[in-house]
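**Q** kindly generate the corresponding structure for this input.
(2 chains, ligands or ions: 2)
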Amino acid sequence: MDTVVLSMENITKVYSNGFVANKNVNFSVNEGEIHALVGENGAGKSTLMKVLFGVEKPDEGHILLHGKEIHIDNPIVAIKSGIGMVHQHFMLVPSLTVAENMVLGMEPKKKGLFSMEQAVKITEEAATKFHFQVDATARIEDLSVGKKQKIEILKALVRGARILILDEPTAVLTPQETKELFVELKNLRDEGLTVIFISHKLNEVTELCDRITVMRAGRTIGVQEVRNVSESDISRKMIGRDVQLNIQKSRAKPGDIVLNVKNVTKYSRTSAKKALDGISLRVRRGEILGIAGVEGNGQTELSESITGMDKEFEGSIQIGGMDVKNHSIRQAREHGLAHISEDRITYGIVGDGSIEENIISDRYYKPDFQKGPLLDLRKIDKLADELIGRFDIKCDGRDQPIKMLSGGNMQKVVVAREFTSGSSLIVANQPTRGIDVGASEFIRNKLVELRDQGAGVLLISADLNEVMELSDSLIVMSDGKIAAYFEDAAAVSTDELGEYMLGIRTMTPDKIRRVADND
Amino acid sequence: MNNNILSAIFSAEFAYSVIRVTTPLLFCALAALVCNRGGVLNIAFEGCMLTAAFCGVVGSAYSQNLFVGLLAGLAGGIGIMMLMGYFNLILNANVVLTGIALNTFASGGTVFALYILCNDKGLSTSLQSLAFPNVNIPLIQDVPVLGKILSGHNVLTYVSVLCVFLVYLLIFKTPLGLRIRAVGENPSAASSVGINVTRTKFTTLFIGGLIASLGGVYMSMGYLTWFGRDMVAGRGFIGIAAQNLGNAAPMATFIAALFFGFANALSNVLQTQNIPSEAVQAIPYVATLIGLVAYSSSTRKKKTGIKQLKRRVPDGL
Ligand SMILES: Nc1ncnc2c1ncn2[C@@H]1O[C@H](COP(=O)(O)OP(=O)(O)OP(=O)(O)O)[C@@H](O)[C@H]1O
Ligand SMILES: [Mg+2]
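**A** Ligands and ions are numbered 1, 2, ... in the order given. From the prediction side, this is the model:
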């Protein structure tokens, strides 16, 4: 069983800006195994996989497939060699159907025209063969994230992939979807396929994978059998120090109300359903209120309403006594709002801007940073350098364009800006998604620190462990409503949460009402 | 006077003229539709049509062969679109600026060449150029009223209507169309399955150039029988507007083009009445503006929030 199907030897990849993303990397996978590839943000995992899939050309080294050297100059060669990749971001065309996406690039024809019938047939046959359930004629844009993920995997399989690369496939999945995915991946392994699995969630790695390769700063530092290592072993290897996987925090000392959401209802843009249905809650200074729930149950709409990005809702939302509806986002921010958006690329950063520009984007207009009509660049430089140091942002310097940073470091820039604006309310939506254990630990500890300094935190996260550990009290959202409220987050079990999340149980309105401001 | 106008509008001749003036708009709108679907929508159709109109006249005049004239016109117009592709897709130049440059180039270039060939900076009437014939449709031509409206049009007018169907077939029923749509919507998805994005975009521009050129050739070898300086007169933009109003769907685009054609024909009729001609000539353009405003406000369901703003940011070419 331990036959090596693929090995990458001595791979070195230098990006055009001189950054060495992979340095003499050796990496090999066996037939019929699920192989984990882990490492900090920016360790070079995606780069290595892009080299394997022919998206990036290595500067040195070679790739052996079944012992024979192959040159993968572009993805077409990779696909022909039986390598399939599911990218970190979906590569699907939203307006097309599942079947059309499935056969894109190898369209079946009938009398010169595209044959939809055959496309559907190909899709359904593949779905049956690999035990996937898909509706071939559904449009991609109507599907859930979990379904899209399956389509991506099936797309690779239809093209004859025997080696499947999955780059952080679970980052956007719900626990249930993740479970389903794992069953399917194990099926594939049992049929002799090889899966390369990249993830920051170490518990997933230990649950799913057979062997593990750890990368650090562009190098591989060892391969191990997963059953011989623990999660903390792995994180120590990744980061080079012990990571506190559990958050240490004292009891909350709640103060005044900083966020007061009263009876907020919002209609969904796409359907007649209510995205938010009579939500009332309050966040006090010095506490972290967590929101758990399967994604798509109103969390996004709630955070957009609170942060003033979407003002079409019924009911009222007040930040520090100020009504968000009739005020601009800048006014809300000046009134103490800080916001970590779940979509950091779109709302968190300006990709072409430098690190420094991103850091001052919320405060450049303040007298503090002005010298006459001009910006006080010396002061701004100083602030940027200080925050880069304080938040441990790995970069070439404050003038580097932010889009060149790895996901984790991008998020650290966002956090550096949002956590230093002197805010009294922090809305943190998926703050550690796609972020490595080291950086996640950092961000979580910062949240607790800010709480202790008297800020109120609203934490929305699909990561159950995260909300349970960080939150002082906890609500569960289901179907646009608050399904449960736990005054003491520490006293809840995962199973209990799960039942509320799935809507199997709901608390009585009296119990839920305790999370609202009832004067 | 009012009676004159009304009787002029509610006549078979007027309906006939609506179809006649719709033709170039329809060609351009279909070209813009294909380009929009393929993610290469640009504003060089004006220059593309003008060049095609000029090359068609010159080609037919020197060869005395209609077919050669057609080929020359197509080559000229497609050439402009290929330049668009070269600048934008290979050299990564800005799509709007490139479009403006190509339109200006076509406007000045055709006048320059006209002066060299005819010693005239305005018209090509000294060239013995050919034109496409009008054709009568058997059976339909004998139907009262309808025959007068639908029959006896230029060959290219019938081609333009056929193109509505052909474009539909191309975009929605062929493998190439599927690729064009995929590339237009998510280029990285297309390239991840081995589709050559740049090549597909060039193909799209080629097809768009071909269709728009037919509109250009019609202008100088059908609608009129000579080339005149800047004779396309904004039709390359109205076509884009029609495509937009039609939401890049062939049938709806056809109807939108007819609407603009109607405005155009109306302005032609009113010019014969004694109404200030400047005001009358503005009608097609005002109609375009009104059409676009009406369309945008109907699709903009609610107040603008940041969310919606994000979706409206154009992706560039
Ligand atoms: N096109 C590029 N040009 C220059 N540098 C790049 C480019 N792409 C990535 N990098 C740099 O290479 C390093 C490795 O990036 P890579 O995406 O491989 O990291 P990763 O291990 O996948 O991280 P993450 O866990 O955040 O996805 C990062 O520091 C990144 O900034
Ligand atoms: Mg990565």
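**Q** show me where the stretch 101-250 of chain B has strands.
**A** With DSSP state E, counting those that start in this stretch, the ranges of strands along the stretch 101-250 of chain B come out as B:134-135, B:153-154.
**Q** which other helices and strands does the first one contact?
**A** I take that to be strand B:134-135. Judged by 3 or more Cβ pairs under 8 Å, 6 or more residues apart in numbering or on different chains; DSSP states H and E, the packing partners of strand B:134-135 are strand B:153-154, helix B:155-173. Yep, even glycine has a C-beta here, placed from its N, CA and C like the rest.
**Q** per-residue confidence averaged over the first one?
**A** When you say that, I think you mean strand B:153-154. Taken as a whole, strand B:153-154 has an average pLDDT of 96.
**Q** ok, the closest residue to ligand 1 within the stretch 51-200 of chain B - contacts?
**A** At 13.7 Å from ligand 1, residue B:188 is the closest residue in the stretch 51-200 of chain B, using Cβ to the nearest ligand atom. Contacts of residue B:188 were listed using Cβ atoms under 8 Å, 6 or more residues apart in numbering or on different chains, and they are A:89, A:91.
**Q** next: residue B:74.
**A** B:52, B:210, B:213-214, B:217.
**Q** is it correct that it falls within a helix?
**A** Yes: Residue B:74: assigned to a helix according to DSSP: H, G, I helix; E, B strand; the rest coil.
**Q** which two in the contacts of residue B:74 are spaced the farthest apart?
**A** By the measure Cβ to Cβ, those have their two most distant members at B:210 and B:217, which lie 10.6 Å apart.
**Q** now do the shared contacts for the two.
**A** Both residue B:210 and residue B:217 are in contact with B:74, B:77, where contact means Cβ under 8 Å, 6+ apart.
**Q** look at those two and report which has more neighbours.
**A** Neighbour tally, residue B:210 and residue B:217, criterion other Cβ atoms under 10 Å in any protein chain shown: the higher count belongs to residue B:217, 33 against 19.
**Q** ok now do that one, which residues does it touch?
**A** Residues B:52-53, B:56, B:69-70, B:73-74, B:77, B:132, B:156 are the ones in contact with residue B:217 under the rule Cβ under 8 Å, 6+ apart.
**Q** at 10 Å what do you get?
**A** Under the criterion of Cβ atoms under 10 Å, 6 or more residues apart in numbering or on different chains, the neighbours of residue B:217 are B:24, B:27, B:49, B:52-57, B:59-60, B:69-74, B:76-77, B:131-132, B:156, B:223.
**Q** hmm, residue A:348 is touching residue A:341, no?
**A** Yes: judged on Cβ atoms under 10 Å, residue A:348 makes contact with residue A:341 at a distance of 5.1 Å.
**Q** ranges for the helices of the stretch 401-519 of chain A?
**A** The residue ranges that make up the helices of the stretch 401-519 of chain A, judged by DSSP state H, counting those that start in this stretch, are A:407-418, A:437-452, A:464-470, A:494-501, A:509-513.
**Q** most packed of these?
**A** Among the helices of the stretch 401-519 of chain A, judged by mean count of other Cβ atoms under 10 Å in any protein chain shown, the one packed with the most neighbours on average is helix A:407-418 (a mean of 24).
**Q** that one near chain B at all?
**A** No: counting by Cβ under 10 Å from any Cβ of the partner chain, no contacts exist between helix A:407-418 and chain B, the nearest distance being 16.6 Å.
**Q** got the residues of the stretch 1-150 of chain A near chain B?
**A** Counting by Cβ under 10 Å from any Cβ, the residues of the stretch 1-150 of chain A near chain B are A:53-55, A:74-80, A:85-87, A:89-96, A:100-109, A:112-116, A:119, A:140.
**Q** pLDDT below threshold where in the stretch 201-317 of chain B?
**A** When residues are selected by pLDDT under 70, those of the stretch 201-317 of chain B lie in B:298-317.
**Q** ok, which stretches of it are helices?
**A** B:235-245, B:250-271, B:277-281, B:283-299, B:306-312.
**Q** which residues touch residue 98?
**A** Just so you know, I chose chain A. For residue A:98, counting by Cβ under 10 Å, 6+ apart, the contacting residues are A:92, A:119-120, A:123-124, A:127, A:134-140, A:142-143, A:147-148, A:150-151, A:154-155.
**Q** my question was about chain B, not that one.
**A** For residue B:98, counting by Cβ under 10 Å, 6+ apart, the contacting residues are B:42-44, B:83-88, B:91, B:317.
**Q** ok so it is a helix residue?
**A** Yes: with three-state DSSP as the criterion, residue B:98 is part of a helix.
**Q** quick one: pLDDT of it?
**A** We have a pLDDT of 96 for residue B:98.
**Q** dump the host helix or strand of residue B:56 to PDB, restricted to CA.
**A** Counting by DSSP states H and E, the element that carries residue B:56 is helix B:45-63. Once side chains and other backbone atoms are set aside, the C-alpha atoms of helix B:45-63 remain, and they are given as PDB (Å, rounded to 0.1, in the frame of the first residue of the first chain):
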ATOM      1  CA  PHE B  45     -17.800  49.800 -31.900                       C
ATOM      2  CA  GLU B  46     -18.200  53.300 -33.200                       C
ATOM      3  CA  GLY B  47     -14.700  53.200 -34.800                       C
ATOM      4  CA  CYS B  48     -15.200  49.600 -35.800                       C
ATOM      5  CA  MET B  49     -18.400  50.500 -37.800                       C
ATOM      6  CA  LEU B  50     -16.900  53.600 -39.300                       C
ATOM      7  CA  THR B  51     -13.900  51.800 -40.500                       C
ATOM      8  CA  ALA B  52     -16.000  49.000 -41.900                       C
ATOM      9  CA  ALA B  53     -18.200  51.600 -43.700                       C
ATOM     10  CA  PHE B  54     -15.200  53.200 -45.300                       C
ATOM     11  CA  CYS B  55     -13.300  50.000 -46.200                       C
ATOM     12  CA  GLY B  56     -16.500  48.600 -47.800                       C
ATOM     13  CA  VAL B  57     -17.000  51.600 -50.000                       C
ATOM     14  CA  VAL B  58     -13.300  51.700 -51.100                       C
ATOM     15  CA  GLY B  59     -13.100  47.900 -51.600                       C
ATOM     16  CA  SER B  60     -16.200  47.800 -53.700                       C
ATOM     17  CA  ALA B  61     -15.300  50.900 -55.700                       C
ATOM     18  CA  TYR B  62     -11.900  49.500 -56.700                       C
ATOM     19  CA  SER B  63     -12.800  45.900 -57.300                       C
END
